[in-house]
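1. Give me a model of this one.
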Amino acid sequence: MATLTEQLAELIPGDRVLRSELSADYGSDECLTVEAVAPAVVVCPESTEEVSAILEFAGKNLVAVTARGAGTGLSGAAVPTPESIVISFERMNKVLEIDTENHVAVVQPGVRLNELDLLTRERNLIYPVYPGEYSSTLGGNISTNAGGMRAVKYGVTRHQVLGVELVLAGGEVLRSGGKFVKASTGYDLTQLVVGSEGTLALVTEATLKLSPRIEHQMTVLAPFSTLDQVSAAVPRVVDSGIGPVVLEYIDLLTMSAVHSFTGLELGIPQEIQDTALAYLVVMMENPVLSRLEEDTERLSEMLFDLGAIDAYVLPAGAAAGLIDAREKAFWMAKAAGADDIIDIVVPRAQIPLFMERVAA
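-> The predicted structure is shown next:
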């Protein structure tokens, strides 16, 4: 009887089916608590038709399937089960279209965020989701409904996905949505699939909303002497109408790690570093520089009123370095020997209470 690898090689070109000794490389992601599992076979399709053929075969033969993007996830979702098929989308990595009139991009699931960012930058557009790892794929972002630091203004992946081409477990191919914002007819399959982590269907193409790339940005870093003050400041900044792009809390341990691992200098006097227990990072943007400067001044005054020790407008290079370091806090924690890292969600109004209980 033919092996699973041999049977799949009859369905799709043989070079799409990886040798068994390479399968172990596809048995894990960046999760710290889930052990790697080598799948029975790894396939790297190059078209929707090939994905359909693989899923139809798997369904008929009751073989489990795990979809894989870049393997940058932190929760073990890309770890397969034994004797299963891993479908890696690494070869479906084309940006099919960037429509500058409708502000959309049509992409395959293996496109990486940094690749799309380079192409949209050339057209003064942006795909605003940045979940902390620019080497992650858009298919992975869609399957997990990835967020990131810009979510406070732009929302998460769900808010950027206008349409998908998808393949069901039996191999049936469907299309949902498209280059339009509103679709009131029938079920919204697009939003059903976003965040479903490959359990309902595999996305083979996505139509994504792009936004204008704002020219001017400023980042304010405000140290606070108590955790209560900084946690209470977050909802006040949101309610102020300033409209931050990034609004992040950095505790003392994380800031110390930033200094240790990156050597980033932010121009904060040592006496303030010695007394600050937490920091608030607020990035704002505006196409009109004078309005941005007014918002920055208003924000600084408000932060002082909320108890900030000081407020620093960071140089562009330092601001970019701090934002990047904050996004990569996972890697610093991992290097420091963390046992596990967990993302949690807290309503804004409950942040002060949450921080109080964490510190207790």
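
2. Please tell me I have it right and Leu264 contacts Ala320.
-> No - contact status for Leu264 versus Ala320: not in contact, 10.1 Å apart, counting by C-beta atoms under 8 Å. Where C-beta positions appear, they are placed from N, C-alpha and C, glycine not excepted.

3. Now do the buried residues in stretch 323-333.
-> Neighbour counts using 16 or more other C-beta atoms under 10 Å place Ile323, Ala325, Arg326, Glu327, Lys328, Ala329, Phe330, Trp331, Met332, Ala333 of stretch 323-333 among the buried residues.

4. And Gly14, how far from Thr120?
-> According to C-beta to C-beta, to the nearest Å, Gly14 and Thr120 sit 36 Å apart.

5. more neighbours, those two?
-> Taking neighbours as other C-beta atoms under 10 Å, Gly14 and Thr120 compare with Thr120 leading, 22 against 10.

6. So which elements touch the strand or helix carrying that one?
-> Thr120 belongs to helix 113-121 when assigned by DSSP states H and E. Using 3 or more C-beta pairs under 8 Å, 6 or more residues apart in numbering; DSSP states H and E, the elements in contact with helix 113-121 are strand 95-99, strand 104-107, helix 138-144.

7. Now do the strands in the stretch 201-350 of the chain.
-> In the stretch 201-350 of the chain, the strands defined using DSSP state E, counting those that start in this stretch lie at 202-209, 211-212, 216-224, 246-251, 278-286, 312-313.

8. Contacts for the first one next, please.
-> Read that as strand 202-209. Identification of contacts with strand 202-209 by C-beta atoms under 8 Å, 6 or more residues apart in numbering yields 47-48, 51, 55, 67, 87, 92, 96, 103-109, 127, 138-139, 142-143, 159-167, 173, 177-179, 181, 193.

9. What of the last one?
-> With contact meaning C-beta under 8 Å, 6+ apart, strand 312-313 is reached by Met218, Thr219, Val220, Leu221, Ala222, Leu266, Gly267, Ile268, Thr296, Ser300.

10. cool, and the second one?
-> Counting by C-beta under 8 Å, 6+ apart, strand 211-212 makes contact with His103, Asn124, Leu125, Ile126, Tyr127, Pro128, Tyr154, Pro287, all of which sit outside it.

11. model confidence over stretch 235-245, on average?
-> Mean pLDDT, computed over stretch 235-245, is 92.

12. Next, report how far it is displaced from the centre of its chain.
-> Here stretch 235-245 is found 22 Å from its chain centre; the criterion is C-alpha atoms, centre = their mean, to the nearest Å.

13. can you check stretch 352-360 too?
-> With C-alpha atoms, centre = their mean, you get 26 Å for stretch 352-360.

14. Rounded mean pLDDT for it, please.
-> Mean predicted confidence for stretch 352-360 is 78.

15. and it, which residues are buried?
-> Here stretch 352-360 shows Pro352, Met355 as buried, counting by 16+ other C-beta under 10 Å.

16. Put the alpha carbons of that stretch into PDB.
-> Output of stretch 352-360 as PDB, limited to C-alpha atoms (Å, rounded to 0.1, in the frame of the first residue of the first chain):
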ATOM      1  CA  PRO A 352      -6.400  50.100  37.400                       C
ATOM      2  CA  LEU A 353      -8.000  47.200  39.300                       C
ATOM      3  CA  PHE A 354      -6.200  44.600  37.100                       C
ATOM      4  CA  MET A 355      -2.800  46.300  37.700                       C
ATOM      5  CA  GLU A 356      -3.500  46.500  41.500                       C
ATOM      6  CA  ARG A 357      -4.200  42.700  41.600                       C
ATOM      7  CA  VAL A 358      -1.200  41.800  39.500                       C
ATOM      8  CA  ALA A 359       1.000  43.800  41.800                       C
ATOM      9  CA  ALA A 360      -0.500  42.400  45.000                       C
END
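
17. nearest residue to Ala276 other than its sequence neighbours?
-> Pro223 (3.5 Å; C-beta to C-beta, 6 or more residues apart in numbering).

18. Quickly list the domain ranges of the protein.
-> Residue ranges for each domain of the chain read 4-88, 95-212, 216-359, as given by automatic domain parsing.

19. pLDDT averaged over the shortest one - what is it?
-> The one in question is domain 4-88. pLDDT averaged over domain 4-88 gives 91.

20. Over to the closest residue to Cys31 other than its chain neighbours. Which of the three states is it?
-> Leaving out its chain neighbours, the residue that sits closest to Cys31 by C-beta to C-beta, 6+ apart is Gly76, at 3.8 Å. At Gly76 the chain is in coil, as set by DSSP: H, G, I helix; E, B strand; the rest coil.

21. what's the neighbour count on Gly76?
-> As a burial measure, Gly76 scores 16 neighbours (other C-beta under 10 Å).

22. Name all residues that make contact with the residue most central in space within the chain.
-> The structure's the chain has its C-alpha centroid closest to Pro131; by C-alpha atoms, centre = their mean the separation is 2.4 Å. Pro131 sits next to Leu113, Asn141, Ala146, Gly147, Gly148 when contact means C-beta under 8 Å, 6+ apart.
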